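Student: got a predicted model here, sequence first, then my questions.
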Amino acid sequence: MTTEILALLIPIVAIVMGIGIAMLAIYLQYRKRKETFALYHQERMAALDKGVELPPLPDFLLAEDNRPFRPYHPRRHLLKGLIWLFIGIALGLALWATADWEPALFSLILVGIGSAHLIYYFVEGRNEAAGLDQVRAAAGANP
């Protein structure tokens, strides 16, 4: 292959693969949800056949956000901020050591994202997390 053809194929393959992966993720999520509904339906039909009281449907089956096991918590901003910050610092140091300081400046984008998450957590997230923990403790759920 010549370099011109290869140069044209790289962005085309990247775009097709990106869209394909997104479509695959959407399809797999749909299939998982459909199978979960089918299993709960079979369970409920078996309970009806045996004359047993129907078990209640879980809340995550009726929710639209499709996040049954990972409820939102403001402390995630702390984790995300630390991850982005340290990846940015490590990338900057690696680029500075192997190349020069100019390419290392691109790592400031990652440091900025991490700093934004940390600033949000320390300004708003701590109070929000404390309030959420109090509500969960009052409801008897694990924080």
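Tutor: Looks like it came in fine.
Student: now P11: phi and psi?
Tutor: With angles defined as degrees, to the nearest 10, P11 sits at phi -70, psi -30.
Student: swap in P74?
Tutor: phi -60, psi -20.
Student: can you report how many residues lie near it?
Tutor: P74: 18 surrounding residues under other Cβ atoms under 10 Å. Backbone N, C-alpha and C define where each C-beta goes, glycine included.
Student: over to K50?
Tutor: Neighbours of K50 under the rule other Cβ under 10 Å: 7.
Student: can you name the element that comes right after the lowest-mean-pLDDT helix or strand in the chain?
Tutor: Scoring the helices and strands of the chain by mean pLDDT, DSSP states H and E places helix 59-62 at the bottom, with a mean of 70. Using DSSP states H and E, the next helix or strand after helix 59-62 towards the C-terminus is helix 75-98.
Student: distance between that next one and the chain's centre?
Tutor: What separates the centre of helix 75-98 from the centre of its chain is 18 Å, taken as Cα atoms, centre = their mean, to the nearest Å.
Student: mind listing what's buried along that helix?
Tutor: H77, L78, K80, G81, W84, L85, G88, L91, G92, L95 (16 or more other Cβ atoms under 10 Å).
Student: can I get the residues you listed in a markdown table including distance to L61 and pLDDT?
Tutor: Below are those laid out as a markdown table (distance: Cβ to Cβ, whole Å; pLDDT from 0 to 100):
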| residue | distance to L61 | pLDDT |
| --- | --- | --- |
| H77 | 29 | 82 |
| L78 | 31 | 85 |
| K80 | 28 | 90 |
| G81 | 33 | 91 |
| W84 | 34 | 93 |
| L85 | 38 | 94 |
| G88 | 40 | 93 |
| L91 | 41 | 92 |
| G92 | 45 | 92 |
| L95 | 47 | 90 |
